[in-house]
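Trainee: Requesting a structural model of the entry that follows:
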Amino acid sequence: RLLNQTMLVFPNKRILRPKQVASINNLAKYSVIAFCLSSSSIASSFSFASSSHSQPRTLFRSSLYTSTPSAFCGSPSFLNVHRGGSIHAQSLKMSTSTSNMDAKITTAPSPEATVPTTAGEKLGALRAFMKQHNLDAYIVPSDDPHLSEYVPEAYMRRKYISGFGGSAGTAVIFNEKACLWTDSRYYNEASLQLDADHWTLMKQGLPKVPTLTKYLADEAVKVFSGTKKKFRVGIDPFVHPASFEKDLIDAFGIAVKESDLDLADDDNGEEMVANMVAEIDTLDQYGNLVDQVWGEARPAVPTSPFRVHPLEFSGKSVADKVQTIRDEMKNKKATLSVFSALDDIAYLFNVRAKGDVDTCPVGIAYGTITMDEVAIYCDEAKIVSDDVKEHLKEAGVTVKPYGDILSSIEQHLGANGSAKVWMDKTRSNYALTRIIPEKSLIDKQNAVTPMKACKNKAEMEGMKRAHIVDGAAMANFIAWLENRIINEGEKVSEVEIDEVLTSKRADQPGYIEDSFPTIAGVGSNGAIIHYRASADSDLMQYLDTSNPILIDSGGQYTYGTTDVTRTWHFGAATPEFKENYTRVLKGNIGVDTMIFPTDTPGFVLDVFARKSLWDAGLDYGHGTGHGVGAALNVHEGPHSISPRWGNKEPMKKGMVVSNEPGLYEDGSFGIRIENLLECTYVLDEDNNAYDAGLEEGDEGYPEKPVGKKTFLRFNKLTMIPIQKNLINISLMTTEELDWLDEYHQEVYDKVSPLLEKDSPSLLWLAKACDKIQRG
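Mentor: Numbers count the residues shown, from 1 in each chain. You can find the predicted model right below:
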């Protein structure tokens with residue numbers, strides 16, 4: 001059966017189609033047996049490739065298609081969770097490259113070898129491996145195998161090789177140069193962390209900065225024009241999204257079309273010439289090259305145990321979630337659903353973890369659902385408590401080894417000729433999707449994503465509770481900070497501010513950890529969007545009355561997740577600063593007070609956050625809002641509020657979204673005011689129907705006149721005051737001032753009962769929530 005679904009690719013690149021394969025069953029059968037016996041001579045003679053790719057792609061043939069033969073001999077060894085250290089191949093794994101290169105075993109450096117520490121030494125070591133594999137470029141993204149925003153230290157390969165620690169960015173190492181692409185949030189941070197003698201910062205989004213794929217494609221054309229040699233790009237397929245392969249292929253095709261290469265001097269045509277120009281190699285038999293440079297110093301992949309996320313907070317059982325997914329699978333005629341994103345796994349199985357990914361309550365695992373089985377793939381160390389074992393058993397969940405995910409998908413495909421695998425390619429790595437024939441893949445948003453985004457009543461109640469206790473923590477913290485700065489006249493370091501704020505949250509019931517690394521930026525550090533204070537950094541500053549501070553922070557509680565930003569100034573702010581602060585506040589109020597019809601995408605709302613800044617010729621470079629999980633990741637999709645029109649996901653009842661306009665002046669200050677908002681219906685009857693689980697057409701669902709729309713609005717979740725003496729009253733409308741007074745009254749009513757009577761914290765809160773002076 002397997003042989004009838006494959007094609008054979010021999011070193012001379014002649015491709016045998018499935019019918020031809022059937023005619024040489026015996027040869028292939030015994031060759032597979034020989035491979036399983038680890039015969040390197042046989043292994044280097046042929047490789048398997050999925051028949052779904054038997055026709056070459058337009059303009060460029062990728063070598064990413066191949067399913068390694070080791071899959072036929074049990075779980076592929078390159079999928080093992082390595083416990084730290086280098087992934088030096090001890091057994092041969094087939095290359096997916098179509099080039100006629102002899103397979104090689106990568107060997108570990110000798111113990112006497114110098115461990116690379118500087119930027120130059122690390123790049124030199126990596127280029128040595130690149131030379132061994134005849135690569136012109138090697139791509140190092142931020143991702144782990146689950147495409148997480150925040151990753152375990154073991155997967156911080158881009159940070160290790162480049163020194164840049166931001167959560168978004170991609171490094172590309174060439175033989176003579178190294179480049180790092182990142183967005184506007186990290187321009188400052190990257191410029192400070194990269195070694196300019198070895199790295200070039202590519203500020204993606206700026207007009208004259210090419211995208212990574214275009215830059216690579218142009219390099220490929222340049223190299224081929226000068227040398228007539230194929231430009232070889234190396235990647236690790238487990239840390240790239242499935243869409244990356246197509247993006248890069250398309251870029252190579254466009255570059256060939258736009259080049260002055262002479263395509264008419266032979267009979268090969270444009271497609272064959274493009275294939276000669278560039279090639280991608282996933283280096284399956286060698287592992288990730290950065291790991292080989294990192295060596296034994298690479299941290300272990302974590303295996304923190306799961307804990308049960310109770311029904312009290314989840315609001316929906318695993319069995320109910322599985323049934324909802326199976327109903328959707330029937331609609332899409334899917335026989336298997338695959339889930340890769342760690343927050344999808346945590347949500348689906350009602351489990352959480354602490355320690356796998358800092359500040360994210362998720363655990364490293366995959367999940368699958370068929371009509372007969374529900375499975376979670378993880379390290380056995382994660383299922384240790386009796387509570388978790390019983391919880392999964394009651395839900396009918398089978399626990400399988402983490403490394404079995406690929407073979408499980410292949411077995412499902414092999415056992416069912418009409419199998420349809422539902423997998424969201426934007427949330428899955430390429431190593432998973434490449435083994436699925438195109439005809440068998442349903443590439444759609446998975447069923448967990450909208451369920452997770454639209455919080456049920458229990459989840460929303462948990463989020464509201466979390467924000468109230470977070471407000472109490474912040475009142476305790478700001479009362480302490482204001483006393484240190486104003487009354488005691490001290491200077492307080494950014495690091496101490498971070499530590500004390502965390503301790504105030506830790507005093508609250510249900511606190512687990514912060515929801516992301518606290519950003520506490522004094523003065524010019526506030527302009528570094530994702531700044532992180534460090535005691536051993538030359539950047540660290542001390543807060544006094546002369547500078548503002550931007551504090552962006554949040555907490556993970558057993559029942560909810562928070563994320564809030566405030567800009568504080570304990571001295572005399574300049575008129576210019578007050579005007580800027582006020583315009584940012586007006587943008588926040590503009591989004592908060594919007595009423596809009598259902599099916600409105602987030603980008604429509606973004607202009608209201610920027611209008612006041614635009615009036616003054618000002619703007620900010622980041623999005624206005626992101627989704628937030630319920631006792632889950634602080635950044636969650638699929639919705640957002642952003643000027644980028646690419647995300648057309650509509651805002652829906654039950655979604656939680658941040659509202660965080662800002663303004664930044666490099667070398668001077670940063671201002672941001674962020675609240676989390678609950679998206680809800682304007683009419684109570686619509687909200688009651690939602691909470692009751694009613695859908696349109698159900699008995700009891702509110703009837704609407706033909707043509708009448710249903711409208712949405714926002715409720716504020718964040719319960720933390722906004723500093724009133726930084727506001728330029730003359731720029732505010734009466735309605736905006738009323739909004740501020742009403743918000744502060746709500747904050748006081750909800751937070752004050754959690755504070756001790758006559759405490760400095762309660763006194764500070766009362767003063768901060770007084771009505772603003774309008775005269």
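Trainee: Next, the distance between the ends of stretch 624-631.
Mentor: 22 Å (Cα to Cα, to the nearest Å).
Trainee: Report pLDDT for Ala475.
Mentor: As predicted, Ala475 sits at a pLDDT of 98.
Trainee: ok, Ala353 touching Val384?
Mentor: No. Look at Ala353 against Val384 with Cβ atoms under 8 Å: they stay out of range, at 11.3 Å. (C-beta placed from N, C-alpha, C; glycine too.)
Trainee: Look up the residues that both of the two are in contact with.
Mentor: Pro305 (Cβ atoms under 8 Å, 6 or more residues apart in numbering).
Trainee: Settle it for me: which of these two has more neighbours?
Mentor: Ala353 (25 against 12; other Cβ atoms under 10 Å).
Trainee: so what's the more buried one up against?
Mentor: So Ala353 contacts Ser304, Pro305, Phe306, Arg307, Ala346, Pro361, Val362, Gly363, Lys382 (Cβ under 8 Å, 6+ apart).
Trainee: For the second one, which non-adjacent residue is spatially closest?
Mentor: Of all residues beyond its chain neighbours, the one nearest Pro305 is Val384 (4.9 Å), with distances taken as Cβ to Cβ, 6 or more residues apart in numbering.
Trainee: My read is that the one you found contacts Arg307, right?
Mentor: No. Val384 is beyond contact range of Arg307, at 10.3 Å (criterion: Cβ under 8 Å).
Trainee: what are the phi and psi angles of Lys491?
Mentor: phi -100, psi 130 (degrees, to the nearest 10).
Trainee: That one contacts Asp544, doesn't it?
Mentor: Yes. The pair Lys491 / Asp544 is scored as a contact, 4.7 Å apart, by Cβ under 8 Å.
Trainee: For those two, indicate the residue with more neighbours.
Mentor: A count of neighbours by other Cβ under 10 Å puts Asp544 above the other of Lys491 and Asp544, at 18 against 14.
Trainee: show me what contacts the more buried one?
Mentor: By Cβ under 8 Å, 6+ apart, the neighbours of Asp544 are Ile485, Glu490, Lys491, Val492, Phe570, Gly571.
Trainee: where do the helices sit along the stretch 501-650 of the chain?
Mentor: Under the criterion DSSP state H, counting those that start in this stretch, helices of the stretch 501-650 of the chain are mapped to 575-592, 603-615.
Trainee: whoops, I mixed them up, the stretch 251-400 of the chain
Mentor: Under DSSP H, counting those that start in this stretch, the stretch 251-400 of the chain gives helices at 269-277, 289-294, 311-314, 318-332, 342-349, 386-394.
Trainee: Kindly reformat those as TSV containing mean neighbour count.
Mentor: Below are the helices of the stretch 251-400 of the chain laid out as TSV (neighbours: other Cβ atoms under 10 Å):
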stretch	mean neighbour count
helix 269-277	19
helix 289-294	25
helix 311-314	17
helix 318-332	15
helix 342-349	26
helix 386-394	14
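Trainee: So which of the ones you listed is nearest Ile139?
Mentor: Among those, the nearest to Ile139 by Cβ to Cβ is helix 289-294 (10.2 Å).
Trainee: could I have the closest one exported to CSV, CA atoms only?
Mentor: Backbone C-alpha positions of helix 289-294 (Å, rounded to 0.1, in the frame of the first residue of the first chain) are rendered in CSV as follows:
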residue,chain,number,x,y,z
LEU,A,289,22.6,23.2,12.3
VAL,A,290,22.4,25.8,15.1
ASP,A,291,22.0,23.0,17.6
GLN,A,292,25.3,21.6,16.4
VAL,A,293,27.0,24.9,17.0
TRP,A,294,25.3,25.2,20.4
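Trainee: So what's the model's average confidence on that helix?
Mentor: The model assigns helix 289-294 a mean pLDDT of 96.
Trainee: Then stretch 603-623?
Mentor: Here the average pLDDT along stretch 603-623 is 97.
Trainee: Could you list the low-confidence segments of the stretch 251-400 of the chain?
Mentor: 262-274 (pLDDT under 70).
Trainee: Can you tell me the number of residues neighbouring Lys177?
Mentor: Lys177, neighbours per other Cβ under 10 Å, totals 13.
Trainee: Chain neighbours aside, what residue packs nearest to Leu676?
Mentor: Nearest to Leu676 is Leu717, by Cβ to Cβ, 6+ apart, at 4.3 Å.
Trainee: What is the burial count for Asn647?
Mentor: If we define neighbours as other Cβ under 10 Å, then Asn647 has 15 of them.
Trainee: anything in contact with each of Lys491 and Asp544?
Mentor: In contact with both Lys491 and Asp544: Ile485, using Cβ under 8 Å, 6+ apart.
Trainee: do you know how far the residue most central in space within the chain is from Asn446?
Mentor: In the chain, the C-alpha nearest the mean C-alpha coordinate belongs to Glu149, at 2.9 Å (Cα atoms, centre = their mean). Distance, Glu149 to Asn446, by Cβ to Cβ, to the nearest Å: 17 Å.
Trainee: Thanks a lot, catch you later.
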